[in-house]
Structure formats: C-alpha cells, structure tokens
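Asker: what shape does this take:
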Amino acid sequence: MANHKSALKRARQTIIRRERNKSNKTQMKNAIKVVRSAIDDGDQAKASSLLSMANSIIFKTASKGTIHKRTASRKVSRLAKAANSLKA
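Answerer: Numbering: from 1, shown residues only. Predicted coordinates for the structure are as follows:
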C-alpha cells in the first residue's frame, strides 16, 4: 500500500477511474449486445433505431478515454455493416 500523501491520492483516483471505466464499458457492451440480438432476429427497423443509440454510447465511451477512438470507430463500422446486411 502507498505511504506518501501523493501516492495515496493516486490510489484513490485509480479506484474511482477504474469503476467509471468499468461502468462505461459495460454500458457499451450491453448496447452492442442489444443491437446484435435485433440483427439476429432479422428486425431491420428495430436494429437501425438501436444502432443510432449504440453509436452514441460507443462514441461517448471513447470521448471519456475508456476506449480508443479508433476502436470505437471499428465497433460502429462493424455494427453498421451487420445492420445494413439485413437490407440486402
């Protein structure tokens, strides 16, 4: 365990950030899972409406620094590709 005042503060900050990142990442994963299930069901209208919500959550997670911005773009791209495959 840390002994210096600054190290103790750093440990407290790390705990808070870890919890925040975990929450953001879980929220993102759940949004992706809902879109994927709509795609698997073949419900194109539901998938497209959920896709815009998931995009917002994914980019918000990236803006908070929990995931990299390119990772967010890749996830959005793959979700959009899967949703657009229903149209064809």
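
Asker: now for this protein: which helix has the highest residue count?
Answerer: As assigned by DSSP state H, the longest helix anywhere in the chain is helix 5-41.

Asker: which elements pack onto that helix?
Answerer: helix 44-63, helix 69-84 (3 or more Cβ pairs under 8 Å, 6 or more residues apart in numbering; DSSP states H and E). C-betas here are computed from N, CA, C, even on glycine.

Asker: go through these and name the closest to Lys5.
Answerer: For Lys5, the closest of those is helix 44-63, at 31.4 Å, according to Cβ to Cβ.

Asker: buried stuff in the closest one?
Answerer: Residues 46-48, 50-51, 54-55, 57-59, 61-62 are the ones in helix 44-63 that count as buried (16 or more other Cβ atoms under 10 Å).

Asker: ok, Ser73 - how many residues close by?
Answerer: Residues near Ser73, counting by other Cβ atoms under 10 Å, number 13.

Asker: just to revisit the earlier point, which one of the helices and strands packed on helix 5-41 lies closest to Arg20?
Answerer: Relative to Arg20, the nearest member of the helices and strands packed on helix 5-41 by Cβ to Cβ is helix 44-63, separated by 10.6 Å.

Asker: what's the angle from the closest one to helix 69-84?
Answerer: 180 degrees (axes from the mean of the first three to the mean of the last three Cα atoms, to 10 degrees).

Asker: over to Ile67: give its phi and psi.
Answerer: Dihedral pair for Ile67: phi -130, psi 160, per degrees, to the nearest 10.

Asker: okay but it is in contact with Lys29, surely?
Answerer: No. Ile67 is beyond contact range of Lys29, at 10.6 Å (criterion: Cβ atoms under 8 Å).

Asker: give me the more crowded residue out of the two.
Answerer: A count of neighbours by other Cβ under 10 Å puts Ile67 above the other of Ile67 and Lys29, at 19 against 14.

Asker: next up, the contacts around the residue most central in space within the chain.
Answerer: Central residue of the chain (Cα atoms, centre = their mean): Met28, 2.8 Å from the mean position. Met28 makes contacts with 54, 57-58, 61, 66-67, as judged by Cβ atoms under 8 Å, 6 or more residues apart in numbering.
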